[in-house]
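Enquirer: need a 3D model of the sequence below.
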Amino acid sequence: MKLFLLAVCFISTLLIDKPEKKNSHFLISDTTSYNTVKETKILNKTGLPIIEGTLNGKKAYFLLDTGSSMSLLNSQDAKNYGFKLWSKNNISISGIGGRGASIWAVIKAEIKIGDKNIKGMSNALNISGIEQFLRKKTRYHISGIIGSDVMQKHGFVVDYTEGKCVIKK
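Expert: Modelled structure (predicted):
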């Protein structure tokens, strides 16, 4: 009887579809199981996930930043992309450097990734210092930072292994 149970256990372990263990020390999400609304390629391979979209109908590039709790447009791009800096918010933010900055409320900014409207990017900040650093490193002009607020709202899944970003909602 024991031999029979061992044989059944052995055969069942052979028949069970096991997930691949590559990069098992990283959190890997199987994006194939999602009812995908939109999938886009991550353009930069240097560890900084950048995706292409449009801002008011013009091609634009956005940095995906899970460490940022607020999504921002680059206030220096307002004229070029045709969005309006409406008023300074009573919100002040600071980053790793600790320097505080006031942000602008934005109106007339339509962001799309493919044909998917991205809601929630209603603030702007002069991120020209970050943009210049990123342009030197990646060769892309960053028009905005998509933070965790927008990523959660739209169900973003960043798959570094496959080099893609899936938007579920």
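Enquirer: the chain: strands as residue ranges?
Expert: Remark: strands assigned in the chain by DSSP state E are 38-41, 50-55, 58-65, 72-74, 84-94, 100-107, 111-113, 116-118, 123-125, 142-147, 156-159, 164-167.
Enquirer: select, out of those strands, the one closest to Phe133.
Expert: Nearest to Phe133, of all the strands of the chain, is strand 142-147, at 9.5 Å by CB to CB. Quick note: C-beta positions are derived from backbone N, CA and C, even for glycine.
Enquirer: so where's the chain shaky on pLDDT?
Expert: Along the chain, segments meeting pLDDT under 70 span 1-37, 45, 90, 92, 94-100.
Enquirer: please redo it, this time with the cut-off set to 80
Expert: 1-38, 44-46, 88-102 (pLDDT under 80).
Enquirer: distance to Phe133 and mean neighbour count added to the strands of the chain, as a markdown table?
Expert: Formatted as a markdown table, the strands of the chain follow (distance: least, CB to CB, whole Å; neighbours: other CB atoms under 10 Å):
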| stretch | distance to Phe133 | mean neighbour count |
| --- | --- | --- |
| strand 38-41 | 23 | 16 |
| strand 50-55 | 13 | 20 |
| strand 58-65 | 11 | 20 |
| strand 72-74 | 13 | 25 |
| strand 84-94 | 17 | 12 |
| strand 100-107 | 16 | 15 |
| strand 111-113 | 22 | 20 |
| strand 116-118 | 24 | 16 |
| strand 123-125 | 15 | 22 |
| strand 142-147 | 9 | 24 |
| strand 156-159 | 21 | 18 |
| strand 164-167 | 22 | 21 |
